[in-house]
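Student: Please work out how this folds:
(one chain, ligands or ions: 1)
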Amino acid sequence: MNLKSITVAVSLLCASPFPAFAADSDALKVENPYARAVPPTAQNSGAFMVLRNESDRPIKVVDAESDVSKVTELHTHIHDKGVMRMRRVESIEVPAKGTVVLQPGGYHVMLIGLKHPLKPGDPVHIELRLGDGSKASVDLKARHTGMMHMQHMQHMEPMRHTADKH
Ligand SMILES: [Cu+2]
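Tutor: Below is the predicted model:
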């Protein structure tokens, strides 16, 4: 094989229409992220975003961390006897070539025990830990969402957090 044919072979590999994503974090795109601005008395808030998976394999978000809250969890809402309640989930799966929307009333990143009040425009940094161990960094801002009833919802189970989690 001469040098020219090696060059051709390499460029054919690179021209593949299906780019291989080395890590989940390369394939997961985060769009329109924001956190809910809350009154100064509020202990908790939530963050929302669109997760887009550009790979041809499912990607799981398995944990989240934030700089604004003592504890950060992945949550969803469930209907329980006509009442909407929040519940922690083990993971949020984004289907291959698909999207999952984190939004008020559905999946969200729960910010528990705010270190300071979240005013509109305040920056929030969130790290999403993905199934393969890679991390997706998300920088977003707090804003009014018009969905204030989340504060009044109850959690299904008592918080079970170990001190070494974060
Ligand atoms: Cu929640």
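Student: Report the residue spans of this structure with pLDDT below the cut-off.
Tutor: Scanning the chain with the threshold set as pLDDT under 70 gives 1-19, 146-166.
Student: for Lys119, what are its contacts?
Tutor: Contacts for Lys119 were tallied using Cβ atoms under 8 Å, 6 or more residues apart in numbering; they are 37, 142. (C-beta placed from N, C-alpha, C; glycine too.)
Student: Kindly provide the distance from it to Pro39.
Tutor: Taking Cβ to Cβ, to the nearest Å as the measure, Lys119 falls 10 Å from Pro39.
Student: Likewise for Pro120?
Tutor: 11 Å.
Student: The two: which has the busier surroundings?
Tutor: Pro120 (13 against 10; other Cβ atoms under 10 Å).
Student: Tell me the residues on the chain that lie near the ion, please.
Tutor: Residues of the chain lying close to the ion (Cβ under 5 Å from the ion) are 75, 86, 110.
Student: Which of the three states applies to Pro25?
Tutor: In this structure residue 25 is Ser, not Pro. Of the three states, Ser25 takes helix under DSSP: H, G, I helix; E, B strand; the rest coil.
Student: which residue ranges form the strands in the protein?
Tutor: Remark: strands assigned in the chain by DSSP state E are 28-36, 44-53, 59-66, 69-80, 83-88, 92-94, 99-102, 108-114, 123-130, 135-143.
Student: Adding distance to Ala22 and mean neighbour count, write these out as JSON lines.
Tutor: As requested, the strands of the chain are exported to JSON lines (distance: least, Cβ to Cβ, whole Å; neighbours: other Cβ atoms under 10 Å):
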{"stretch": "strand 28-36", "distance to Ala22": "12", "mean neighbour count": "18"}
{"stretch": "strand 44-53", "distance to Ala22": "15", "mean neighbour count": "21"}
{"stretch": "strand 59-66", "distance to Ala22": "13", "mean neighbour count": "21"}
{"stretch": "strand 69-80", "distance to Ala22": "24", "mean neighbour count": "17"}
{"stretch": "strand 83-88", "distance to Ala22": "30", "mean neighbour count": "14"}
{"stretch": "strand 92-94", "distance to Ala22": "17", "mean neighbour count": "21"}
{"stretch": "strand 99-102", "distance to Ala22": "21", "mean neighbour count": "17"}
{"stretch": "strand 108-114", "distance to Ala22": "25", "mean neighbour count": "22"}
{"stretch": "strand 123-130", "distance to Ala22": "12", "mean neighbour count": "19"}
{"stretch": "strand 135-143", "distance to Ala22": "14", "mean neighbour count": "16"}
